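**Q** sequence? don't have it. structure:
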């Protein structure tokens, strides 16, 4: 088999692995609040999210072939690779793309290990920016675009990273205040039941939107690699097998859970109630969908996290864990440079070795680092059984005893059903007790 076809195969497999990490890394965006409020059982939540991500991946591929143009100049306006990158079967372009993907995967796995919700899109853009700068210089990066619309690294990454959490905090905060004001005289058990049903719709909408938006990135990268190596010529269509493979990869990643990040978003920021959860999810869905319609590229992760913070600020007496929030903000701030640094390093290693062996070495580095992080994660295993365990802010993040061993006072089988009748059922009763 020619070396360029082997490198192409490595790019395709690595791109699908990134899509898989994107799936489990971002499951929390849609389902963390529903799991925390017990609107869904954990496995039911990720299963539904996986199905909707699979469906969403087929709904739109309009920008798939030009998605990388927003941050790097490795294609022309039509989506065709730059001619100078097509020598030797497109190996120059394939190495840039492979190195960028490796940088993004490593960052995704590191933030997953730490339980920090960071943007997979920003990790991908960062990896591509670093690899492109290493291979083509700073001129290879689209910093500002052409000035006619928000574009480039500043318009697609920096400005949205600042805007999206702030907008979501305001929307969710106002929504939470209105929800509690309107329902303050409703018995808590009826109110919570109604909002849990509402969360089914709101969480499903976020999951569907995520599949529609994020799967396109990987489809575009694989199709770009196929065009560069001469295996595909249509600049306006994505091969069906690419659509199917990317849809399955992101769906399988979503189904695997991403429990560490789900736990941080659902339990580490705010102790959520069903009204807060629904307000946060509708905030996420509305901000993402409206911004997409207006042409703004907001990070779903940043929006979802901001919505949860807003739901905590909007409820009187709710406590926000600012220590965890601070760690998230730091992770957001260093996602682009960290993944760019990793992408550049991988390009230098691959280019120094050269050809097929260079591509194989950086792929093996990715596999080795990924395996180490997975083994390390087993020391504090988080899964569907303990994802809702009480949060312990001891610097390590969680009290990880299995959830099955923690009594649930709202469940009659746990032996505390009689105590529930003594609990205040509305905010007015709570005020009277206090």
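**A** Okay, I see it. For clarity, every value in this text was computed on a predicted model and none was experimentally measured.
**Q** give the contact list for the closest residue to residue 214 other than its chain neighbours.
**A** Once flanking residues are discounted, residue 214 sits nearest to residue 22: 5.6 Å by C-beta to C-beta, 6 or more residues apart in numbering. For glycine as for every other residue, the C-beta is placed from the backbone atoms N, C-alpha and C. By C-beta atoms under 8 Å, 6 or more residues apart in numbering, the contact set of residue 22 is 108, 120, 124, 214, 217, 218, 250, 253.
**Q** any idea how far residue 304 is from residue 22?
**A** 14 Å (C-beta to C-beta, to the nearest Å).
**Q** same check, this time on residue 115
**A** Taking C-beta to C-beta as the measure, residue 115 falls 15 Å from residue 304.
**Q** pull out the buried positions in the helix or strand hosting residue 344.
**A** Here residue 344, judged by DSSP states H and E, is contained in helix 322-353. Residues 324-325, 327-328, 331-332, 335-336, 338-348, 350-351 are the ones in helix 322-353 that count as buried (16 or more other C-beta atoms under 10 Å).
**Q** show me where the stretch 51-200 of the chain has its helices.
**A** Assigned by DSSP state H, counting those that start in this stretch, the helices in the stretch 51-200 of the chain fall at 87-113, 120-136, 152-153, 159-182, 188-228.
**Q** after the longest one comes which helix or strand?
**A** Scanning forward in sequence from helix 188-228, with DSSP H and E defining helices and strands, the next element found is helix 240-256.
**Q** now for that following helix, which elements pack on it?
**A** Judged by 3 or more C-beta pairs under 8 Å, 6 or more residues apart in numbering; DSSP states H and E, the packing partners of helix 240-256 are helix 3-36, helix 42-57, helix 188-228.
**Q** between those helices, which one is closest to residue 72.
**A** Of all those, helix 188-228 sits nearest to residue 72, with 10.9 Å by C-beta to C-beta.
**Q** so what's the residue count around residue 224?
**A** 29 (other C-beta atoms under 10 Å).
**Q** next one: the one 3 residues further on
**A** When neighbours are counted by other C-beta under 10 Å, residue 227 registers 21.
**Q** contacts only, for it.
**A** Residues in contact with residue 227, defined by C-beta under 8 Å, 6+ apart, are 79, 80, 81, 233, 235.
**Q** ok, the second one touching residue 236?
**A** No. With the criterion set as C-beta atoms under 8 Å, residue 80 and residue 236 do not qualify as a contacting pair; they are 11.0 Å apart.
**Q** these two - which one has more neighbours?
**A** residue 80 (15 against 8).
**Q** not counting its neighbours along the chain, what's nearest that one?
**A** Spatial nearest neighbour of residue 80, excluding adjacent residues (C-beta to C-beta, 6+ apart): residue 235 at 5.8 Å.
**Q** quick one, grab the pLDDT at the one you found.
**A** We have a pLDDT of 75 for residue 235.
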